[in-house]
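S.K.: Quick one, structure for this:
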Amino acid sequence: MADDGSNSAPPAAEEAAIAMTATETVVLPHEMEGESTPPNSTTQDEVTKWKERSARLGAAVNQQKQRIQELEESDTKLKRLLNLAKRSIENKDATLQSMNQQMADLKSAAKVRAKERDPRRIVHKVKQVSHTGEETLWCLVEYTSDDDGDDTKPPESGWHAFKTDDELREYVRRAAGEPMRVPELSLPPSDIQQMKQDLSDELERVQEEFRRYRVRSEITRKQKEAELKKISASALAKQTEQLGGTDLTQELQAARLQVRRFSQLQTAAEEREREWHDKFDKLQREYSKLSGAMGETVLAMEWRERYEQVVAEKAAMEARLAEDARGNGHGFNLGGDLDGGNDIAKLKMEFALYRKRAMQVVEQKERELQLARTSSHAPPNAPGPGFSSAGLRRMSSSNSLNGFETSTHAPTTNEYLKNIVMKYMSTDQEEVKEHMEKAIATVLNFTSVELQHIQDKRKSHSGWLW
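M.R.: The predicted structure is shown next:
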């Protein structure tokens, strides 16, 4: 086909060749008549026109030659490409035939091996779809061999092709030995790549979430540690405060117990003083009845003995009170130094006021005694019937509560009694109430009949004192 096209010239080339021949064979009129005939102007014009036409024809011929050359080069390229395509097609046909032959050989060899060897298990199952849409199932089958006990040698296996699932099931059914399990279809490479990409994206997402979770966990951990330190510090401070409050409360309770004990001792001492005062009045009346020197001597001896006995008892009582006061001093100092010792400070103030009032009563009684001695024309420094002025002062100092009713300090006594009653009504401790009740009974000078009546009422749960 290419050779035929190269032998036949195009019509334009033929026309150019004819025009060139006509130009070369043109004979001018003046050349035919001879050189002696001079040309006229018309002939020259025609010659000029013929030359211009010849020039144009020459240019057209040159263009046609260039076009012919380009066409020849294009034809050469097309011939070369056609030859290359022919060779490529021949090579691909040869490769396809070789692959078909190999596939046929593999199929025949697989069928031969399948017939000759027993399968042990099916390892993989792959589906192949050809360009024509034909589906083929390929199974990698592991065969049984005599070297199964040798772990150094890998098991022998081979690929088997099946047209349909029924053919595969028939192959599995005909296999000898244990029943074989047909695995699921393995994914094609495209699906595997897609799955790998999806798993990679999922892994990146999970790693990013884990990184964020780790950052949040670290922040939360630091916050919790800070909160824990804060709570621990507050708990420690609170515990320290509670321990300090407990110490204050214990010391306050101990001080209150000491104050109550001291009040009880003071009350007992006042009762003893009252008894001594009664005895003194009785002895004084007996002494006034006696007369005569002998009687006075005997009475003086008796009063002297009784006075020494009373002084000894008084000294023992004062030593006991001093010992109790020394034991209570530490508690008072602690209670005064602490912030929660307001109650103890109040008690100390009340006790100081009480002692002040008692000293005032003693001084008043001493002045009354001095006036009585003066009215009886007795010498001021005379020892009296068995009692000195100092002894009367000591005996009168303890009888302070009896002098409250007759002294000028009755409003202060009422305030003291009011304070005792208020503390009694505001406390819930039975021991404290008991001491308060005794103090109230002493201040109000309850008689034994009244106390017995109150005890009877208390037993019948209708009274508020003991």
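S.K.: contacts and neighbour counts: CA atoms only from here.
M.R.: Will do.
S.K.: residues touching S88, list them.
M.R.: The neighbourhood of S88, defined by Cα atoms under 8 Å, 6 or more residues apart in numbering, contains no residues.
S.K.: try 10 Å this time
M.R.: L82, A94 (Cα atoms under 10 Å, 6 or more residues apart in numbering).
S.K.: repeat for the one 3 residues further on
M.R.: Contacts here follow Cα under 10 Å, 6+ apart; on that basis N91 touches A85, Q97.
S.K.: before we move on, what about A161?
M.R.: 106-107, 110-111, 125-128, 136-140, 167-168.
S.K.: Grab the longest helix from this protein for me.
M.R.: Longest helix of the chain, by residue count under DSSP state H: helix 189-289.
S.K.: Show me this protein divided up by domain.
M.R.: The chain resolves into domains spanning 2-33+42-94, 117-186, 247-408, 409-466 when parsed by automatic domain parsing.
S.K.: ranking these by mean pLDDT, which is last?
M.R.: Confidence, taken as mean pLDDT, is least for domain 247-408 of these (a mean of 62).
S.K.: Can you give me the buried ones in stretch 51-62?
M.R.: Residues S54, L57, G58, V61 are the ones in stretch 51-62 that count as buried (16 or more other Cα atoms under 10 Å).
S.K.: quick one: the last one from V47, how far?
M.R.: Summarising the geometry, the distance separating V61 from V47, computed by Cα to Cα, to the nearest Å, is 20 Å.
S.K.: List the buried residues for the strand ranked longest in the chain?
M.R.: For the chain, the strand reaching the highest residue count under DSSP state E is reported as strand 119-129. Neighbour-count burial for strand 119-129 flags P119, R120, R121, I122, V123, H124, K125, V126, K127 (criterion: 16+ other Cα under 10 Å).
S.K.: next one: stretch 187-195
M.R.: Buried-residue list, stretch 187-195, by 16+ other Cα under 10 Å: empty.
S.K.: Send me it as CSV with only the CA atoms.
M.R.: Once non-C-alpha atoms are left out, stretch 187-195 reads as follows in CSV (Å, rounded to 0.1, in the frame of the first residue of the first chain):
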residue,chain,number,x,y,z
LEU,A,187,-9.5,-9.5,49.3
PRO,A,188,-8.2,-8.2,46.0
PRO,A,189,-5.2,-5.9,46.1
SER,A,190,-7.3,-2.8,45.6
ASP,A,191,-9.5,-3.6,48.5
ILE,A,192,-6.5,-4.5,50.6
GLN,A,193,-4.9,-1.1,49.8
GLN,A,194,-8.2,0.6,50.6
MET,A,195,-8.4,-1.3,53.9
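S.K.: who touches that stretch?
M.R.: Counting by Cα under 10 Å, 6+ apart, K125, V126, K127, Q128, S186, K196, Q197, D198, L199, S200, D201 sit against stretch 187-195.
S.K.: I'd like these laid out as a markdown table, including distance to V172.
M.R.: Converted to a markdown table, the contacts of stretch 187-195 look like this (distance: Cα to Cα, whole Å):
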| residue | distance to V172 |
| --- | --- |
| K125 | 13 |
| V126 | 16 |
| K127 | 17 |
| Q128 | 20 |
| S186 | 18 |
| K196 | 32 |
| Q197 | 35 |
| D198 | 35 |
| L199 | 34 |
| S200 | 37 |
| D201 | 40 |
